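Chemist: Quick one: sequence and predicted model below, then my questions.
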Protein chains: 2
Amino acid sequence: MLVVSSPSGAGKTTLTRRLIASEPDIEMSVSVTTRPRRPNERNRKDYHFISVEAFERMRAAGELLESADVFGNLYGTPRLPVLAALEAGRDVLFDIDWQGTRQIRKAAPGDVASVFILPPTAGELMSRLVRRGQDTIEVIRRRLSGAVGEVEHWDEYDYVIINDDLDAAFEQLRAVLVAERLRVARRRDLDAHVAGLREDLLDRLD
Amino acid sequence: MLVVSSPSGAGKTTLTRRLIASEPDIEMSVSVTTRPRRPNERNRKDYHFISVEAFERMRAAGELLESADVFGNLYGTPRLPVLAALEAGRDVLFDIDWQGTRQIRKAAPGDVASVFILPPTAGELMSRLVRRGQDTIEVIRRRLSGAVGEVEHWDEYDYVIINDDLDAAFEQLRAVLVAERLRVARRRDLDAHVAGLREDLLDRLD
């Protein structure tokens, strides 16, 4: 499980979409949310848009791996698709905030790598939010105010990337995925490989 | 500090040389050894070739960060150049065996990332040793026998790479270096960056 968090506007969505598009055997976890769908968002692709009642039902039934309240909207990660993907040997990428990250780390310690994306400067973060043109001034103010709270948690993560240049930041994110897949703790499947290698070496020495 | 170990013939030297050549801000730690110089080796570049007496003097004076006895030859890492490089903000790459790796991890826990390179098969390891043509049959037998002991320690490392395809293995080694440099624990220099970012965001919200 690879978790990516950042203040809104730091480039997280672009980076995670590119990672999903370029790397095999990793899929995006699609969150449920009670917030209204934005014009450019597709239901069931970007989010499952559901009612507050449906959300509360899922949460009460233990069907959410994590949930968070962000700007008064509820967000959550359905447990089943994540377990199914992991079971099938695939990695899962999460685009969630620091609250959700804490819950996922608690639910599956040792099996989560987490990355925090920082904007290079506050000015750059603001220009990106203005440039993408999907928010009113009031919403942008709220996002900047949310960013203040979000960046405070950068050091609870395993890795930090400053998204100054998109290509460089992408290569760094990809390196984290590649390296994490090489961790000995995730390669217990190699026990048999090494045992076989040893046997074969001993045979050749006889 | 990045430590790379592998049985002889698994491609470690090729991989580490390529990493040093392609990445900035990382240098190779040059070990001292009491074994005779091979024709293709350069003194002070590949190893510092010294006498057993000089080696013992260095070890007694605490000038070695780690030392190991491999096939009756002594190997060690001079402490000073490593400290100087780290002090200057440069990373140091070590090509040492599992005994040395244990000592370095003990001397500097938290500041070491370690990688074990495995050959794809015993047959491939043997062909590589034969193909490089620098050893007698007797030495090759000794290397294979050393490999048996070395591969047993693969799971004491942080990462494992199977060197099946050299380019792929190199990209994986590079990813480990890139990712390790992004670890939050190594980026305390960002405390000031984040504090400044927060201040600036709050100013813009006023």
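Modeler: It's in. Numbers count the residues shown, from 1 in each chain, chains lettered A, B, ... in the order given.
Chemist: got the phi/psi numbers for A:F49?
Modeler: Here is the backbone geometry of A:F49 (degrees, to the nearest 10): phi -90, psi 120.
Chemist: residue ranges of the helices in chain A, please?
Modeler: Secondary structure of chain A (DSSP state H): helices at A:12-22, A:52-60, A:79-87, A:98-107, A:122-132, A:137-151, A:166-181, A:190-205.
Chemist: Now distance to chain B, mean neighbour count and mean pLDDT too, for the ones you listed, in CSV please.
Modeler: From N, CA and C alone the C-beta is placed, and that goes for glycine too. Formatted as CSV, the helices of chain A follow (distance: least, CB to the nearest CB, whole Å; neighbours: other CB atoms under 10 Å in any protein chain shown; pLDDT from 0 to 100):
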stretch, distance to chain B, mean neighbour count, mean pLDDT
helix A:12-22, 13, 16, 94
helix A:52-60, 29, 13, 97
helix A:79-87, 20, 14, 93
helix A:98-107, 13, 18, 92
helix A:122-132, 4, 17, 88
helix A:137-151, 5, 17, 89
helix A:166-181, 4, 19, 97
helix A:190-205, 4, 15, 91
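Chemist: where does A:D164 fall, phi/psi-wise?
Modeler: Per-residue torsions, A:D164: phi -90, psi -50 (degrees, to the nearest 10).
Chemist: Ignoring the adjacent residues along the chain, who's closest to it?
Modeler: In space, and not counting its chain neighbours, A:D164 is closest to A:P120: 4.3 Å by CB to CB, 6 or more residues apart in numbering or on different chains.
Chemist: likewise A:S6?
Modeler: Spatial nearest neighbour of A:S6, excluding adjacent residues (CB to CB, 6+ apart): A:I117 at 3.5 Å.
Chemist: who touches the one you found in this structure?
Modeler: For A:I117, the contact set (CB atoms under 8 Å, 6 or more residues apart in numbering or on different chains) comprises A:4-6, A:10-12, A:15, A:160-163, A:169.
Chemist: One more pass at 6 Å, please.
Modeler: By CB atoms under 6 Å, 6 or more residues apart in numbering or on different chains, A:I117 lies in contact with A:6, A:10, A:12, A:161, A:163.
Chemist: Next up, the contacts around the residue sitting nearest the centre point of chain A.
Modeler: Centroid-nearest residue in chain A, with CA atoms, centre = their mean: A:F94, separated by 2.6 Å. Residues near A:F94 by CB under 6 Å, 6+ apart: A:3, A:29.
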